[in-house]
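**Q** turn this into a structure:
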Amino acid sequence: MSQDFTFSIKSIVFDENYQPSDSTRITTNFANLARGTSRQQNLRNTLRMIDNRFNSLARWDNPKADRYTVELDIISVEMTLAAGDGGNAFPLIEILKTTILDRKTGERIDGIVGNNFSSYVRDYDFSVLLPEHNNDKAAFSIPEDFGDLHGKLFQHFLRSDAYKEHFGKPPVICISASSSKTYLRTENRHPILGVEYLQNEFSSTDRYFEKMGLQVRYFMPEGSVAPLAFYFSGDLLGDYTNLELIGTISTMETFQKIYRPEIYNANSAAGNAYQPSLKNTDYSLTQIVYDREERSQLAVKQGKFTEEHFIKPYKNLLEQWAANYTV
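**A** Now for the predicted structure:
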């Protein structure tokens, strides 16, 4: 059945002139920044924050802290169901690809693909399926097969010729730590990723990414105030270079400072036992406009879009494929 699904990859530069295409998920973090009257200043300030953070971590042979610039490409992945409705393509996921420009040598260095992770099917799972499952139930629960289809589709993409033709290494997704869990500081310290934290138990997001074939580790880089969640396959500390890791940290920490300033732009750093809180009032705002409430509302709308245009029309095909697909 796997031959029924094929993938195509499109790329668009994320810079101060970026404008989301009609097919872009409008809940995507970078798309949200590129809307409204402040769009160009938003983008310019975001990119400056990323570059400043990169150079603060890549200090060697960089006396003026201006040697590197991070270039970002938005990678859009469409999946075509050949046995479905005339081979129509569905926008499956969007991720980010970093490239590091070394201004001293003029070299462009491949960075990590992944970073940000946006998915229509994930919107459906969390914003439509999960609330419906818990409707009128006294205690919250998660369906046993929650995330199975999404996880298999993601792993199928990583195995595809399309992925292998475009990217040389597995992806790393970097997102916020869960505000419902406690993280304990360890003695393990990486020269780039910083000090490692261990969570007291897996979150629903951890389990969801686990079905995508990704494990998680939490690190708080030097100069950060809260640990970031890194989802990866393989060896996070051994498979990627220092500059690759710095590209992901600088990009995703910047986004988190904008989207979750209560955690990542807090005025005091995480201690030995740390639980992130969006109710924290001791934090600083960036000069970047972002509508978090609008984003949560749009996630529901796009989850319903996925249900209407992907889940329901191809229900039998998807169920049969998932039942036969082995990782």
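**Q** got a list of what residue 225 touches?
**A** By C-beta atoms under 8 Å, 6 or more residues apart in numbering, the contact list for residue 225 reads 263, 264, 265, 266, 267, 268, 269, 270. The C-beta positions use only the backbone N, C-alpha and C, and glycine is treated the same way.
**Q** the fourth one: how many residues sit nearby?
**A** If I follow you right, that is residue 266. Neighbour count of residue 266, defined by other C-beta atoms under 10 Å: 20.
**Q** partner residues bridging it?
**A** For residue 266, the beta-bridge partners are residue 283 (DSSP bridges).
**Q** pretty sure it contacts residue 279?
**A** No: here residue 266 does not reach residue 279: they are 11.6 Å apart, not a contact under C-beta atoms under 8 Å.
**Q** if we can go back for a sec, restricted to buried residues, select the contacts of residue 225 in ChimeraX.
**A** Of the contacts of residue 225, the buried ones go into a single ChimeraX selection, burial set by 16 or more other C-beta atoms under 10 Å:
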select :263,264,265,266,270
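**Q** endpoints of stretch 122-135, how far apart?
**A** By C-alpha to C-alpha, to the nearest Å, the extent of stretch 122-135 from end to end equals 19 Å.
**Q** for this protein, where's the lowest mean pLDDT among helices and strands?
**A** Scoring the helices and strands of the chain by mean pLDDT, DSSP states H and E places helix 29-33 at the bottom, with a mean of 59.
**Q** what is the very next helix or strand once past that one packed up against?
**A** Sequence-wise, the next helix or strand beyond helix 29-33 is helix 39-57, with elements assigned using DSSP states H and E. Counting contacts by 3 or more C-beta pairs under 8 Å, 6 or more residues apart in numbering; DSSP states H and E, helix 39-57 is packed against helix 29-33, strand 68-81, helix 242-259.
**Q** identify each buried residue in helix 39-57, please.
**A** Buried positions in helix 39-57, judged by neighbour count with 16+ other C-beta under 10 Å: 39, 42-43, 45-47, 49-51, 53-55, 57.
**Q** how about those, which pair is most distant?
**A** Greatest spacing in the buried residues of helix 39-57, by C-beta to C-beta: 39 and 57 (27.8 Å).
**Q** what score does residue 221 have for pLDDT?
**A** The model reports residue 221 with a pLDDT of 98.
**Q** neighbours of residue 259, how many?
**A** 21.
**Q** same check, this time on residue 59
**A** By the criterion of other C-beta under 10 Å, residue 59 has 11 neighbours.
**Q** same check, this time on residue 90
**A** Residue 90 has 18 nearby residues by other C-beta under 10 Å.
**Q** so where do the helices sit in the protein?
**A** 29-33, 39-57, 120-124, 130-133, 148-159, 161-166, 204-210, 242-259, 261-264, 292-306, 315-324 (DSSP state H).
**Q** least reliable of these going by mean pLDDT?
**A** Looking at the helices of the chain, the bottom one is helix 29-33 with a mean of 59.
**Q** ok, residue 121 to residue 305 distance?
**A** Separation of residue 121 from residue 305 (C-beta to C-beta, to the nearest Å) stands at 11 Å.
**Q** who has more neighbours out of those two?
**A** residue 121 (24 against 17).
**Q** thought the more buried one was touching residue 151?
**A** No: the criterion here is C-beta under 8 Å, and residue 121 misses it with residue 151 at 9.8 Å.
**Q** that older thread, TSV for the contacts of residue 225, including distance to residue 81?
**A** Below are the contacts of residue 225 laid out as TSV (distance: C-beta to C-beta, whole Å):
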residue	distance to residue 81
263	39
264	38
265	42
266	45
267	50
268	50
269	47
270	44
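**Q** which one of the contacts of residue 225 is nearest residue 206?
**A** Scanning the contacts of residue 225 for proximity to residue 206, where the rule is C-beta to C-beta, the winner is residue 263, at 17.0 Å.
**Q** that closest one against residue 278, yeah?
**A** Yes: using C-beta under 8 Å, residue 263 makes contact with residue 278 at a distance of 6.9 Å.
**Q** overlap in contacts, these two.
**A** Common neighbours of residue 263 and residue 278 (C-beta under 8 Å, 6+ apart) are residue 179.
**Q** still on that earlier bit, just name the most buried of the helices and strands packed on helix 39-57.
**A** Most buried of the helices and strands packed on helix 39-57 by mean neighbour count (mean count of other C-beta atoms under 10 Å) is helix 242-259; its value is a mean of 24.
**Q** now that one, how far from the chain's geometric center?
**A** Chain-centre distance of helix 242-259: 11 Å, with C-alpha atoms, centre = their mean, to the nearest Å.
**Q** distance of the residue found closest to residue 208 once you drop the neighbours it is linked to in the chain from residue 129?
**A** Excluding the flanking residues, the one nearest residue 208 by C-beta to C-beta, 6 or more residues apart in numbering is residue 147, at 4.5 Å. Residue 147 sits 10 Å away from residue 129, going by C-beta to C-beta.
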